[in-house]
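Enquirer: pasting the sequence and the predicted coordinates here, then a few questions.
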Amino acid sequence: MTTPQGGLRPAELPEPLLRGGGATLDVLAAQIPAYTDSLVAGGRGGFPTPIVLGACGIARVTAVADEVFGVRPGDVVVANGLFRSGRAACPEEAILAWTGIGGDGRATATTDRMREIWRDGLYAERAVQPERTLVALPGADAYPAPERLAFLPWLGIAGEAIDRADVRAGQVAAVVGATGQLGAAAVLIALARGAAAVVAVGRNREALDALAGLDPRVVPVPLTGDRGTDGPAIGAAAGPVDAVVDTLGAVPSPHPTMAGYDALRPDGSWVLVGGVRQELPIPYGDFMHRRLTLRGSWAYRDATVLGLWSMIRSGVLDLSVLDVTVVGLDDPAAALTAASRSRGLSVVVLVP
């Protein structure tokens, strides 16, 4: 992109130059999220231009700066795009080559500078990224399908939320917004973590059916939009709900999120990881007397994504269930259109 709201276009650019704290990469695969067309149109916040978009993906390291030791040339890495300032007392965070600011979501001079410096995203053949956004994946050079592994950053976000919800083997977890790509990732991880049942909650019947076909433990619950109907339906689908993970996007009402709240058993955990932009009417007394835990989750830790890679590598987490559409760099408009139609386990991946 050369200007804000200027749209994506293919372009021949100079080779990204290695700089201090960074690594140069050959991009292997990068997922295009379903909402990317909205982001390009300016509907999800701004970023500096000109820019090569693409915060997350799978790449091979070609060179590293002298002071970089966490990744090495030849490593296959996951790039997560999340750049942290490193100030422990008041951390500042920004997602590079994308939108998204940590903390209260307001940009600072520091986050602006982060994104000004690092603009070489992964929707390209090659990129340069800071070391702190890269995680080496031991043995990934032998993984036969990098286009499937491109889903790993979404699995990381979902996996962090599942961990924060403290979902354990034998428990019942509900994923509200399960028919989106983040929600589908959360369903996959809850199953892999040994959940007794996963209540998949969403509006898209086709996506719900696909999730239900994964495993008999997946119990689909179609959303009606009526809190009084949806909350009891979620709570009754598979027995008392130990944890609810809300992965909904920009929905017009808080009712689906609050239906998840209503479904929780006493002492249950409620984790918010989606893009809901609504005020939630949480009743103080009810929340207190049910002894609920509410946590937010944003992005993921290196240890989370490395643990998920180990699950993929060992076959515990099977990415063959994904329906992957591969696109190239030549037609950005077609790629965005395809991505906007993707749902749940259906993903669009750029392979340069």
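Expert: In hand now; what should we look at?
Enquirer: when you work out contacts or count neighbours from here on, use the C-alpha atoms and nothing else.
Expert: Fine.
Enquirer: low-confidence stretches in the stretch 251-352 of the chain?
Expert: Nowhere does the stretch 251-352 of the chain drop to pLDDT under 70.
Enquirer: helix or strand for the most centrally placed residue in the chain, which one?
Expert: Residue closest to the mean C-alpha point of the chain, counted by CA atoms, centre = their mean, is residue 154 at 3.1 Å. Following DSSP states H and E, one finds residue 154 within helix 152-164.
Enquirer: need the contact list for residue 102.
Expert: Each residue near residue 102 by CA atoms under 8 Å, 6 or more residues apart in numbering is listed here: 92, 93, 94, 298.
Enquirer: hmm, back to that, who are the packing partners of the helix holding residue 154?
Expert: For helix 152-164, the packing partners by 3 or more CA pairs under 8 Å, 6 or more residues apart in numbering; DSSP states H and E come out as strand 76-79, helix 181-192, strand 264-272, helix 302-314.
Enquirer: coming back round to it: from the contacts of residue 102, which land in strands?
Expert: Mapping those onto strands (DSSP state E) picks out 93, 94.
Enquirer: if you rank the contacts of residue 102 by neighbours, which is first?
Expert: Ranked by the number of neighbours (other CA atoms under 10 Å), the contacts of residue 102 place residue 94 first, at 26 neighbours.
Enquirer: burial count for residue 206?
Expert: Residues lying near residue 206 (other CA under 10 Å) number 12.
Enquirer: surely it forms part of a strand?
Expert: No: the assignment for residue 206, made by DSSP: H, G, I helix; E, B strand; the rest coil, is helix rather than a strand.
Enquirer: in contact with the residue nearest to the centre of the chain, which residues?
Expert: 181, 182, 185.
Enquirer: redo those residues as TSV? Include distance to residue 175.
Expert: Converted to TSV, the contacts of residue 154 look like this (distance: CA to CA, whole Å):
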residue	distance to residue 175
181	12
182	10
185	10
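Enquirer: secondary structure class for the closest residue to residue 302 other than its chain neighbours?
Expert: Computed as CA to CA, 6 or more residues apart in numbering, the closest residue to residue 302 that is not its neighbour in sequence is residue 135, at 6.5 Å. Secondary structure assignment for residue 135 (three-state DSSP): strand.
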